[in-house]
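Colleague: sharing a sequence plus its predicted fold:
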Amino acid sequence: MSWFFSPRQAAVKSPLRKILVVSPGRGPAITIAYELSFSILQAHGFAWDFRLEGELDAGDLTGCALLVLYRCRQARTVAFLRLARKKGIPVLYELDDDLLAPPPDESWGELYQKEFCRYIMETLLAEADLVKAGSPELAKRLEERGFSAFYQPYAAPLLPLPAREREEASLFRVGYFGTPHHRKDIEAIFPALLRIDELFRGRVQFEFIGCYPEGWAKLKRAVIHPCIHDYAGFLRKLAALNWTVGLAPLRPTPFNEAKSDSKFRDYTAAGITGVYADLPPYRQAVRPGINGWLAGNHPTQWVEKISEALRDPKRGEKLAAAREQARGINSPETVAVAWRGIYENFQSKVRKNEILSS
C-alpha cells in the first residue's frame, strides 16, 4: 500500500506541506523510519515523496518544505543539499547505523571505509540543519564528532495479538530473524542453542528467517523460513509463527553498540517476548524480568536466559508490559507527533530567515 499522495489528492488538499525523503535505496527501513508515521501526517495537511539518491533532479525540490536525507553518500547530494538551503528549505540528515565507523570484518562496510565516501558523509552531516540518529548511543557519538544530533524512537505498529494455538506436547518455538549480514551474531550464540536443545530434549523447535547459523542442521528440530522484504508482510508472518521466544543476539562490537532497538520493536509488535543482547541498543528498552530478558556475551548466559524465558509462566505479562511501553513510545501516532514538532520548529526558523545557504 502506498502512502504517497496522488496529484488529484494533492489538488484537493492543497496547499500541502511536502516532505521529500532521499535515500540510496528503498526497503523496509524507509517504511519504518518514515512511511508509518508520515501516513498519519497525511490527515493533517502533509504529503511526502521519495527519491533515490542516484536519480535526483533540481525539480524535485519544487514545493518541498523539508528535505530528509537518509544514509546518503553521493557527491551529487551535497550539491542538492546546498540548493535546498539556498531556497530556504531546511535539511535533516539521518543515520541509523554508525557508518562513519563501519565494521572492519564485514564486506559491505568496505564502501564506507573509503576516504571519499567518509568525506561526503561528513560534509552532509556538517551542512545539514539537524542530524537524526537511530539510537541514543549513535546520537552521543555524532555529538562528540561535532555534529548537532538528536535521537528519536522509530515507529512500530502493534498487531492485534493472534489467538494462540495450544502448543503440541509442550513444544516451544524459539526464533530468530535477520539479514545475512547478522550471521556472525547468531553464530556467536549457536553453542547456547545446542545446549538448550539438550536441556529440553527435543521439545524446542528453532526457527530462522533470513539468517541462520551454519550448523543449524545439528538441531533436532529446525525450520528455515524465507526472508520477507515487505515490512507489513514480514510482521504478519512473524506474528503468525507463534514463537514462544524471540532472540536478539549482538556481538559486543563498537558498531553493534550504536545500533537501534529494532528487534525489541518488531518482536513486541508481533506479539513475541524476547531475549536480547545486554548491550546499549536494548538496555534502554528492556527492563529485565519485566518486559523481556537481557543476556550477556557468553553462550552460558544465553542458555540461562532462554531457559528462564521458556519456563516462565508469566511470559504473557512481560509481553503485555513490552506492548504497553511500545504503545506509548513507538506508536506511529506518537512518532508522527514528534515529526510534526520537528517540521514546525524548522518552519519557525524559516520564518526568521535562520535557514540560509552555507
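Modeller: Done, it's in. Values in this document were obtained by computation on a predicted structure and should not be read as measured data.
Colleague: what residues are bridge-paired with L247?
Modeller: As for beta bridges, L247 partners with V275 under DSSP bridges.
Colleague: contacts only, for it.
Modeller: Under the criterion of C-beta atoms under 8 Å, 6 or more residues apart in numbering, the contact list for L247 reads V174, G175, Y176, I186, I189, G274, V275, I306. Every C-beta, even on glycine, is put in place using the N, C-alpha and C of the backbone.
Colleague: what's the neighbour count on the last one?
Modeller: Residues lying near I306 (other C-beta atoms under 10 Å) number 26.
Colleague: for P104, same thing?
Modeller: The burial count for P104: 11, using other C-beta under 10 Å.
Colleague: any idea how far F38 is from it?
Modeller: 35 Å (C-beta to C-beta, to the nearest Å).
Colleague: low-scoring stretches of this structure, by residue?
Modeller: Within the chain, the segments meeting pLDDT under 70 span 1-15, 164-169, 354-358.
Colleague: what segments of the stretch 101-250 of the chain are helices?
Modeller: For the stretch 101-250 of the chain, helices defined by DSSP state H, counting those that start in this stretch occupy the ranges 110-113, 115-127, 136-144, 183-188, 190-199, 231-240.
Colleague: L219: which of these is closest?
Modeller: helix 190-199 (5.5 Å; C-beta to C-beta).
Colleague: how about the closest one: buried residues?
Modeller: Across helix 190-199, burial judged by 16 or more other C-beta atoms under 10 Å covers F190, P191, A192, L193, L194, R195, I196, D197.
Colleague: give me the beta-bridge partners of the closest residue to W243 other than its chain neighbours?
Modeller: Excluding the flanking residues, the one nearest W243 by C-beta to C-beta, 6 or more residues apart in numbering is G175, at 4.0 Å. According to DSSP bridges, the partner residues bridging G175 are E207, G246.
Colleague: right, and G175 touches G274 too?
Modeller: No: if you go by C-beta atoms under 8 Å, G175 and G274 don't touch, sitting 9.6 Å apart.
Colleague: so what's the residue nearest to W243 up against?
Modeller: F206, E207, F208, I209, L241, W243, V245, G246, L247, I272.
Colleague: just put those residues in TSV and tack on distance to A217.
Modeller: Shown next, in TSV, are those (distance: C-beta to C-beta, whole Å):
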residue	distance to A217
F206	11
E207	14
F208	12
I209	17
L241	20
W243	20
V245	21
G246	22
L247	18
I272	24
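Colleague: between the contacts of L247, which is nearest L161?
Modeller: Closest to L161, out of all of the contacts of L247 and judged by C-beta to C-beta, is G274, at 15.2 Å.
Colleague: how close does the nearest residue to S135 once chain neighbours are set aside sit to S107?
Modeller: Nearest residue to S135, sequence neighbours excluded (C-beta to C-beta, 6+ apart): S260, at 4.7 Å. As defined by C-beta to C-beta, S260 lies at a distance of 22 Å from S107.
Colleague: which of those two has more neighbours?
Modeller: Using other C-beta under 10 Å as the criterion, S260 and S107 rank with S260 on top: 23 against 8.
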